[in-house]
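Chemist: Here is my input, please return the structure:
(one chain, ligands or ions: 1)
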Amino acid sequence: MTRPVPDYTLRRSARARNARLNIRPDGELVVTLPARAPERWATELLEARRDWVDRHRSRILAEAARLASRPALGEGRPVPLGGLAHALTVAPLPGEWRRTRVVHDDTAEPTLRVEVARDDGRTLPGILEPWLRAEARDALERRVAVRARDLGVEPRGLAVRDQRSRWGSASRRGTVSFNWRLVLTPAAVLDYVVVHELAHLREFGHGRGFWRLVRDHVPEADAARRWLRAHEPELRAALDR
Ligand SMILES: [Zn+2]
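Modeler: Residues are numbered from 1 along each chain as shown. Below you'll find the predicted structure:
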């Protein structure tokens, strides 16, 4: 008995060489085909990967449901920082003239304490995101300095961004960019992404030589990649309401 091919969204990409299948966080199937490939490549791929689709889609939908049922930000939901759940507390700043601040306090239980100035009209994510971005820049600059020496490269610039679908990138001009959400991940995961992008300054593309270089410097690279894949939805939704 054959089951019908599930609904999917078709994308065309000039860079794709093969058919590629992705499941979006909301369960939507997206098939990307090379610009001129016949559409039956998409249905063939979906047939061939039927079991994989069923298994992964139900896991992704379960994760989406779990994320949707979390307490709201500021109402008891912890925020990950360095891979560790931090309790988030929000309190008004006493006085009128001081500015909102975020205090990172791990002395007892890991805590982020947001002290909001009276005239600050920003939302909680509006306060937390710039603070986390600044923390990310600090952490990434420190790690890049160490790892650039290890790899014998000299990056010409470092940018911290909010890329929708990537953790980092490297340009042929010698600059590296990173996703600020890496500050939420364990130090070993941030380190892996730093090494990955710096390694691209020596080896463009993801060939064997590239991965050998990465694994020479990060023996746990595969574990870090798995961690990122497994936690991506949670990291992307860390500051959602
Ligand atoms: Zn890469």
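
Chemist: which strands and helices sit next to the top strand by length along the chain?
Modeler: Secondary structure of the chain per DSSP state E: the longest strand is strand 84-92. Contact analysis of strand 84-92 by 3 or more Cβ pairs under 8 Å, 6 or more residues apart in numbering; DSSP states H and E lists strand 79-81, strand 111-116 as its packing neighbours. (Glycine included, C-beta is placed from N, CA and C.)

Chemist: what's the angle between the last one and strand 84-92?
Modeler: Counting by axes from the mean of the first three to the mean of the last three Cα atoms, to 10 degrees, strand 111-116 points 20 degrees away from the direction of strand 84-92.

Chemist: Give me the helices and strands touching strand 111-116, please.
Modeler: So strand 111-116, by 3+ Cβ pairs under 8 Å, 6+ apart, packs with strand 84-92, strand 101-105, helix 124-151.

Chemist: change it to 6 Å
Modeler: Contacts defined by 3 or more Cβ pairs under 6 Å, 6 or more residues apart in numbering; DSSP states H and E place strand 111-116 against strand 84-92, strand 101-105.

Chemist: Relative to the shortest one, what are the paired strands and their orientations?
Modeler: Strand partners for strand 101-105, identified by DSSP bridges, are recorded as strand 111-116 (antiparallel).

Chemist: Report the buried residues of the partner strand.
Modeler: If you call a residue buried by 16 or more other Cβ atoms under 10 Å, then strand 111-116 has these buried ones: 111-112, 114-116.

Chemist: One more: stretch 29-48?
Modeler: 29, 31-33, 37, 42-43, 45-46.

Chemist: Break down this protein into its strands, ranges please.
Modeler: So, for the chain - with DSSP E - the strands run 9-13, 20-23, 29-34, 79-81, 84-92, 101-105, 111-116, 157-161, 168-170, 175-179.

Chemist: hang on, the earlier thing: the inter-axis angle of the longest strand of the chain versus helix 124-151?
Modeler: 140 degrees.
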